[in-house]
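Enquirer: build the 3D model from these lines:
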Amino acid sequence: MSRLLTIVWMVLIILTAVLTLTGCAYNAATGKRQLNLFSESQEIGLGQQADAEVIASYGLYPDSALQKYVHQLGTAIAKTSERPNLPWTFRVVDDPSVNAFAIPGGFIYITRGLMTHVDTEAELAGVIGHEIGHVTAQHSMHTMSTQQITQLGVAAGMMIEPKLQKFGEYVSAGLGLLFLKFSRDDEKQADRLGFRYMVRANHDPRQMVRTFELLNRLSGDSGGRLPEWMSTHPNPENRIANFQKEIDTLTRDLKTMSVNRDSYLDRIDGMIFGENPREGFFNDNRFYHPEMAFQFDFPAGWQTVNQKTAVAGVSANQDAVLQITIAQGSSPDAAAQAFFGQQGMQSSGVQSRTVNGLPTVSGQFRAQTEDGSILQGRATFVSYKGNIYQILGYTPDASWATYQSAITNSMATFKALTDDTILKMQPNRVKILKLTKGASLQALATQSKSPVSLATLALINQTAESTGFKTGDRVKMVVAP
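Expert: From the prediction side, this is the model:
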């Protein structure tokens, strides 16, 4: 008991010292003092590291003109904030979800999915302003500072009690910048700051009400899934009411403020809509990748996911994994040697052969994890079209006998994709129609042979399914290639 009390007192002493030395910094954006253990240069450094992870995970939308436009729009809004000198960076990431997010240091990301759903530049400006608000209010830095204070207590305990050191990796494993969730109070504050910044930059704040209504439809009557951007946000109806209160306080003429619908629609004309089959897609358990021209069969009944850097499957019981990635090395032999030669790795049956006409090296392995558990699996390395593919399947040691056959059989299905129809598949795109005569949304969808539902078209046009348009109106349509 006395030893425990000693640990507790040392932890308290350290926490008191840290708080005394650092104090609570004044934040010009919020007008409040808040805990922040990071300097601005450290904040920027963290953001730069995480930015590389975001680009690797999502990829950037391949349209330099659109990237330049969003960066210039965001920079102009950020210059009106309390932190104009941050190295602000605004990017469009190649993701179909309706989302936007920010990480420390002034790095802000807008998905192409969000851009195809909002209808005006002012709406986009409101979303960007909200994310700028997270950065100027330093919500991430405050959260991480609080976590650091908590972890200091654990660190103090480990210095005194060596037996605890083996758990240190779990306590301090990564800052997880991409997964920090802001509180509802933080989100409300970001809404208020976003309003401030978009108004300062002369964007009509009434357009942001339309964005809240759009997000509400996405999560409700449209049948769409809850957008990630809303996962921790206040109720949309409440956000609309709060935003309207802010609008009511303005004394300036709102009619003079910028909306820019036509120019915005011009910029998203031709933009990819929804999932891009060029980056791979599933048909039941079979995965096709038209761009890289290969196909692969996962075991039946497994849950599958396609990401930028990997495609993977997980068994129904979630105790086995099978994934395909690009391996390092100039040949299957070199990649296999690097993999099987890792410390603590036991390999067996490693051999070179040709599978479906492709040079391949395969072998079984057994390895001990850091927590002492044993994994068993199989790794295959395939040379195809200038890449070395690593196909890795593994389970806990006790489950290997259950999954060995399924994993081994799946690995043998990697082969060249030769179906010309699939190889030539292209994504759906947004097309902006300027009507030469009046028409209903339903009629326009039928004429354009749109591959998406009428509900989706109504959603992205922020209108009702029964809406009729008049001559000269501009309408978003989703068209097949």
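Enquirer: for the residue at minimal distance from the centre of the chain, which residues are in contact?
Expert: For the chain, the residue nearest the mean C-alpha position is Tyr58 (6.0 Å; C-alpha atoms, centre = their mean). Listed by C-beta atoms under 8 Å, 6 or more residues apart in numbering, the contact set of Tyr58 reads Val93, Asp94, Asp95, Tyr109, Thr111, Lys308. Every C-beta, even on glycine, is put in place using the N, C-alpha and C of the backbone.
Enquirer: any weak-confidence spans in the stretch 101-250 of the chain?
Expert: 139, 141-182, 220-237 (pLDDT under 70).
Enquirer: buried members of the contacts of Tyr58 into PyMOL, please.
Expert: Buried members of the contacts of Tyr58, defined by 16 or more other C-beta atoms under 10 Å, are picked up in PyMOL with:
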select buried, resi 93+94+95+109+111
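Enquirer: any chance of the contacts of Tyr58 in a markdown table, plus secondary structure and distance to Gln295?
Expert: Output for the contacts of Tyr58, formatted as a markdown table (DSSP: H, G, I helix; E, B strand; the rest coil; distance: C-beta to C-beta, whole Å):
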| residue | secondary structure | distance to Gln295 |
| --- | --- | --- |
| Val93 | strand | 27 |
| Asp94 | coil | 22 |
| Asp95 | coil | 24 |
| Tyr109 | strand | 31 |
| Thr111 | strand | 28 |
| Lys308 | coil | 19 |
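Enquirer: phi, psi for His134 please.
Expert: Main-chain torsions, His134, degrees, to the nearest 10: phi -60, psi -40.
Enquirer: can I assume it is in contact with Ser140?
Expert: Yes: counting by C-beta atoms under 8 Å, His134 does reach Ser140; the two are 7.1 Å apart.
Enquirer: which residues are common contacts for those two?
Expert: Common contacts of His134 and Ser140 (C-beta under 8 Å, 6+ apart): Ala102.
Enquirer: ok, which stretches of the stretch 1-150 of the chain are strands?
Expert: Ranges of strands in the stretch 1-150 of the chain, per DSSP state E, counting those that start in this stretch, are 24-27, 32-35, 89-93, 100-103, 107-111.
Enquirer: run the chain-centre distance for the last one.
Expert: Which is strand 107-111. For strand 107-111, the separation from the chain centroid amounts to 9 Å (computed by C-alpha atoms, centre = their mean, to the nearest Å).
Enquirer: also stretch 415-432?
Expert: Taking the mean of its C-alpha atoms, stretch 415-432 sits 24 Å from the chain's own mean (C-alpha atoms, centre = their mean).
Enquirer: quick one: average pLDDT of that stretch?
Expert: Mean pLDDT, stretch 415-432: 98.
Enquirer: what does that stretch contact?
Expert: By C-beta under 8 Å, 6+ apart, stretch 415-432 touches 116, 265-266, 268-278, 288-290, 293-296, 355-358, 384, 448, 451-452, 460, 474-481.
Enquirer: what about these, which are in helices?
Expert: In this view, the contacts of stretch 415-432 that belong to helices under DSSP state H are Thr116, Leu265, Asp266, Ile268, Ser448, Ile460.
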